[in-house]
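[1] need the 3D shape of this:
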Amino acid sequence: MTEADLVLDDGRTVHFHVQAPSNGDRLAVFWLHGTPNIGPPPAPLFADAARLGLRWIGYDRPGYGGSTPREGRDVASAAHDVARIADRLGIDRFAVVGHSGGGPHALACAALLPDRVLAAVSIAGLAPYGAAGLDWFAGMRPSGVAGLRAARAGRSEKAAYEAASPDFDRESFIEADWAALAGPWSWFDGVVGPALAGGPGGLIDDDIAYVSPWGFDCARISRPVLLLHGGRDRMVPKRHAEWLARHCPSATLWLRPEDGHISVLNAAPRALEWLSERVGD
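    Model prediction:
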């Protein structure tokens, strides 16, 4: 995995992470990271990706890691940054995979780059805020609700909330999540800490984007979409995936009843197989 910077037309810098191509590669796959993370693709999935001929690329969203902030960014803006990175690397078509907060950003790429994105996977991802027929906060831990309501109130309120917020609510994860974090998914230790090293700016921008208009319509996604979700997820309840499955005509839902927000990633190798099958040779 190597790292590089890309300076965009608006003067921002986007920091990205890329695996060198190999002779067996069939497809580039962009990893859209969660909140708060930086962008290195998930090492626990490297072996499965290599087996399937998939090459990982990731990037730090604006305000995280080596990427400069983008004031007022929405979820849709991810499509622009991903497209520019793909241009830099000479990649025409690719797939996208997002976990947690990365899920909406993966859907944005599928919706707004239909000529380039071949398929998308959203793992434990949110549905649009204010979606008709969805009680958006139902089933979330109170700590998660409080943080997102602060984001809805505006940037200054969200910044004040983060400054005063207590430590992470351990009850946001079920026992299976903690077991996953003690195993291969201890990988998160290396992407969460660096995401907050420069302050909570990236997290604040993410949460405001989630509870604001996303900038695209999920119903207009035409490329195949897989929604992988845990039935016991306390951070993003399963209702979000169920709503997306009903409103995304091209979506398939894999609901794992006993998984939470992190343990659902144990099924990610199967999701990569699904992806490989959809894009062909």
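[2] from residue 33, how far out is the residue nearest in space to the middle of the chain?
    When Cα atoms, centre = their mean is applied to the chain, the residue found nearest the centroid is residue 102 (1.0 Å). Counting by Cβ to Cβ, to the nearest Å, the separation of residue 102 from residue 33 is 5 Å. From N, CA and C alone the C-beta is placed, and that goes for glycine too.
[3] for residue 108, same thing?
    14 Å.
[4] residue 156 too?
    Noted for residue 156: a distance of 26 Å to residue 33, by Cβ to Cβ.
[5] what about those two, which has more around it?
    More crowded of residue 156 and residue 33, by other Cβ atoms under 10 Å: residue 33, with 29 against 10.
[6] in contact with the more buried one, which residues are there?
    By Cβ atoms under 8 Å, 6 or more residues apart in numbering, residue 33 lies in contact with 39, 58, 60, 61, 64, 98, 99, 101, 102, 191.
[7] count of neighbours near the fifth one?
    When counting by other Cβ under 10 Å, one arrives at 28 neighbours for residue 64.
[8] quick one: pLDDT of the nearest residue to it once chain neighbours are set aside?
    Among residues not flanking residue 64 along the chain, residue 202 sits closest, at 3.8 Å (Cβ to Cβ, 6 or more residues apart in numbering). What the model reports for residue 202 is a pLDDT of 98.
[9] find the nearest non-adjacent residue to residue 74, please.
    Using Cβ to Cβ, 6+ apart and skipping residues adjacent in sequence, the residue nearest residue 74 is residue 215, 4.4 Å away.
[10] what is the neighbour count of the closest residue to residue 165 other than its chain neighbours?
    In space, and not counting its chain neighbours, residue 165 is closest to residue 147: 7.0 Å by Cβ to Cβ, 6+ apart. As a burial measure, residue 147 scores 21 neighbours (other Cβ under 10 Å).
[11] can I assume residue 226 sits in a helix?
    No - counting by DSSP: H, G, I helix; E, B strand; the rest coil, residue 226 falls outside a helix, being strand.
[12] who does it form a beta bridge with?
    For residue 226, the beta-bridge partners are residue 121, residue 252 (DSSP bridges).
[13] quick one: buried residues of stretch 67-81?
    Residues 67-70, 73-81 are the ones in stretch 67-81 that count as buried (16 or more other Cβ atoms under 10 Å).
[14] how many neighbours does the closest residue to residue 240 other than its chain neighbours have?
    For residue 240, ignoring the flanking residues on the chain, the nearest one in space by Cβ to Cβ, 6+ apart is residue 127 at 4.0 Å. Neighbourhood size, residue 127 [other Cβ under 10 Å]: 28.
[15] for the one 10 residues further on, same thing?
    As a burial measure, the neighbour count of residue 137 was computed by other Cβ under 10 Å and equals 14.
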